[in-house]
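Q: Next comes the sequence, and after it the predicted model I'd like to discuss.
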Amino acid sequence: MLKRDKKKESRIAKERVSYLIKRAEEWKNVDYELARRYVELAKRIAMKYRVRIPKELKITYCKKCLYPYKAGKFRVRVRKGRVIIKCLNCGFERRIPIRPRRSSKKLKP
Ligand SMILES: [Zn+2]
């Protein structure tokens, strides 16, 4: 049996995950179901190979129903220093804290 090349595997997995999520972004206004399927596949690949989905891609879809966020299907609010994104498909809310960077100095008074 061939030895598994874990490094290569995870590199390929990462590529596929970001490719699929980007594809989902492109397709969400054409075929919403297909876009969801892309996200689902991306998530499965990420789980199987235990790779992390990049932060900037993670916020493009709903964690619960896996539909990509598209115009009219989500709501964004800012409350108590958090960005709250509510999915209007399943009602799932996700909170993203806005934390100030420690090293950066305040530019505006
Ligand atoms: Zn949802």
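A: Structure's in. What do you need?
Q: which SS state does residue 84 fall under?
A: strand (DSSP: H, G, I helix; E, B strand; the rest coil).
Q: which residue sits closest to it in space, ignoring its chain neighbours?
A: Excluding the flanking residues, the one nearest residue 84 by Cβ to Cβ, 6 or more residues apart in numbering is residue 77, at 4.6 Å. Backbone N, C-alpha and C define where each C-beta goes, glycine included.
Q: Okay, and the one you found sits in which element?
A: Under the criterion of DSSP states H and E, residue 77 resides in strand 74-79.
Q: can you tell me which helix or strand residue 33 belongs to?
A: Going by DSSP H and E, residue 33 is part of helix 32-48.
Q: Can I get that helix in CSV, CA atoms only?
A: Extracted C-alpha coordinates of helix 32-48, given in CSV (Å, rounded to 0.1, in the frame of the first residue of the first chain):
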residue,chain,number,x,y,z
TYR,A,32,-29.0,28.6,-5.2
GLU,A,33,-29.3,24.8,-4.6
LEU,A,34,-26.2,24.1,-6.5
ALA,A,35,-24.3,26.8,-4.6
ARG,A,36,-25.4,25.1,-1.4
ARG,A,37,-24.2,21.8,-2.7
TYR,A,38,-20.8,23.4,-3.3
VAL,A,39,-20.6,24.6,0.2
GLU,A,40,-21.6,21.2,1.5
LEU,A,41,-18.9,19.5,-0.4
ALA,A,42,-16.3,22.1,0.7
LYS,A,43,-17.3,21.5,4.3
ARG,A,44,-17.1,17.7,3.9
ILE,A,45,-13.6,17.9,2.3
ALA,A,46,-12.5,20.2,5.1
MET,A,47,-13.7,17.8,7.7
LYS,A,48,-12.3,14.7,6.1
